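Colleague: Have a look at this prediction, sequence included:
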Amino acid sequence: MIDGHFVRIPLLIIILLIAAFFWVRFVEKRNLYSPLRPVDATPSDIGLDYEPVKVRTEDDIDISGWFIRSEQP
């Protein structure tokens, strides 16, 4: 007779792998893609000095950001 563990354990592993796949896809979309709304705040809002930075890539995409100097070099 086949013990129930031979069926339950692989089934549990498959369910966990499917859940992990969907969790990774959810986290990926939240963390790797463009923000859903524009960023209105700047580092000066929390008391940091900064310089705005804009870089143009080889494929003509503008990337904007901030350069914040370290207190200790």
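Modeller: Good, I have the coordinates.
Colleague: Quick check: residue 6 is in a helix.
Modeller: Yes. Per DSSP: H, G, I helix; E, B strand; the rest coil, residue 6 lies within a helix segment.
Colleague: Could you work out the end-to-end span of stretch 49-63 for me?
Modeller: For stretch 49-63, the first-to-last residue distance is 20 Å (C-alpha to C-alpha, to the nearest Å).
Colleague: can you give me the mean pLDDT across stretch 22-40?
Modeller: Averaging pLDDT along stretch 22-40 yields 81.
Colleague: quick one: the most centrally placed residue in the chain from residue 6, how far?
Modeller: For the chain, the residue nearest the mean C-alpha position is residue 31 (2.0 Å; C-alpha atoms, centre = their mean). As judged by C-beta to C-beta, to the nearest Å, residue 31 and residue 6 stand 38 Å apart. C-beta here means a position set from N, CA and C on the backbone, and glycine is covered the same way.
Colleague: Helix or strand: which one has the residue nearest to the centre of the chain?
Modeller: helix 5-32 (DSSP states H and E).
Colleague: what's the next secondary structure element after that helix?
Modeller: Following helix 5-32 in sequence, per DSSP H and E, is strand 51-56.
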